[in-house]
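Engineer: have a look at this prediction, sequence included:
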Amino acid sequence: MTQHHQSVSESRLERGRRALAEIDGQAGEKVVAALADIAPDFATYLIEFPFGDIYSRPGLDLRAREIATIAALTAMGNAAPQLKVHIEAGLNVGLSRDEITEIIMQMAVYAGFPAALNGLFAAKEVFAHPARTK
């Protein structure tokens, strides 16, 4: 996958939309669409900051960023919907199912077995019903 570099002529929103489409595909668009009737401004913030600013920075490729995101969401233990979106994103940017499983298992050391178990069950669900469009 390509690394997103910030362009002077491209707005944060435009850059974020491009990154969101590449990383999360339809899953990301569904999240944004679901916010339209309750908090459209929050949807814009979601596109601009995480995707337009953070994911678009140089220094880490998208694969490495998804490894970090899957690990963090697993460790949180209370973000199953977001974890599922990012497991799918990990697949979209080139992570294998085995790599994702290992990332989640590694979190047992730092976040405990319950968080890792919840993460593994989220991965199992995504692997069984992939929503991949790429």
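Structural biologist: Everything's here; your move.

Engineer: need the three-state assignment for residue 49.
Structural biologist: Following DSSP: H, G, I helix; E, B strand; the rest coil, residue 49 is assigned to helix.

Engineer: can you pull the contacts of it?
Structural biologist: 12, 16 (C-beta atoms under 8 Å, 6 or more residues apart in numbering). (Each C-beta comes from the backbone N, C-alpha and C, glycine too.)

Engineer: same check, this time on the one 3 residues further on
Structural biologist: Residue 52 makes contact with 11, 12, 13, 14, 15, 16, 17, 19, according to C-beta under 8 Å, 6+ apart.

Engineer: most neighbours, which of those?
Structural biologist: With neighbours taken as other C-beta atoms under 10 Å, the top of the contacts of residue 52 is residue 16, carrying 27 neighbours.

Engineer: that one against residue 48, yeah?
Structural biologist: Yes - taking contact to mean C-beta atoms under 8 Å, the distance of 5.0 Å between residue 16 and residue 48 places them in contact.

Engineer: between the contacts of residue 52, which is closest to residue 92?
Structural biologist: Checking the contacts of residue 52 against residue 92 by C-beta to C-beta gives residue 19 as the nearest, at 11.6 Å.

Engineer: tally of neighbours for residue 38?
Structural biologist: By the criterion of other C-beta under 10 Å, residue 38 has 8 neighbours.

Engineer: what of the one 3 residues further on?
Structural biologist: The number of residues packed around residue 41, counting by other C-beta under 10 Å, is 8.

Engineer: find the residue closest to residue 82 in space, skipping its chain neighbours.
Structural biologist: Spatial nearest neighbour of residue 82, excluding adjacent residues (C-beta to C-beta, 6 or more residues apart in numbering): residue 73 at 5.5 Å.
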